[in-house]
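A.B. asks: Just a sequence and a predicted model for now, questions to come.
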Amino acid sequence: MHGSSADAATIIYDNGTTVDGVLNESVNISFFGPVYSGRAVSRNGKHLFVDNVGVGLIMYNDRATFNNETVTIMGQNIGTTLDLNYSYFIKDNFSLGADVSFTSGIIRRVTAKSGYNSATYDLDESQFEGLVHLGISAQLVYTF
């Protein structure tokens, strides 16, 4: 999962200094880990059900640049993933289907880096970063 944006922004520093500029931000969320996959086909071959369940490492990387200063915030923790897919074969090589995909995790500790400086923070429960992705899709599949 990836997202990025660029917006005009104003930052007020602790000493009261105000600076205007452009904030560019890029967020990446990655999941790595083993996945169990199952597949069931009906006796007549018309229905196919596939499931994938996994537990692994979910990683968060937020890179923000304001004018020429870059700050990267990173975190990682245990996450889960679940995919459910159903297909109905209209013909031997053509099917209709649906897929639901869900990935989740919670970041409890982050590391912030700016230039050569780095600091790690344990987040309070109210500041935990929830990472959730839900995807729903319909499918037309032609197999050749």
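C.D. replies: Yep, it's here. On a predicted model such as this, the values are computed, not experimentally measured, just so you know.
A.B. asks: Relative to the strand ranked longest in the chain, what are the paired strands and their orientations?
C.D. replies: Ordering each strand of the chain by length in residues (DSSP state E) puts strand 69-91 first. Partner strands and pairing direction for strand 69-91 (DSSP bridges) are strand 47-66 (antiparallel), strand 94-107 (antiparallel), strand 109-114 (antiparallel).
A.B. asks: Would you mind putting the ones you listed into a markdown table with mean neighbour count alongside?
C.D. replies: (Each C-beta comes from the backbone N, C-alpha and C, glycine too.) As requested, the strands paired with strand 69-91 are arranged in a markdown table below (neighbours: other CB atoms under 10 Å):
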| stretch | mean neighbour count |
| --- | --- |
| strand 47-66 | 16 |
| strand 94-107 | 16 |
| strand 109-114 | 15 |
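A.B. asks: Dump these into CSV; add distance to Leu84 and mean pLDDT as well.
C.D. replies: As requested, these are exported to CSV (distance: least, CB to CB, whole Å; pLDDT from 0 to 100):
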stretch, distance to Leu84, mean pLDDT
strand 47-66, 5, 93
strand 94-107, 5, 95
strand 109-114, 31, 90
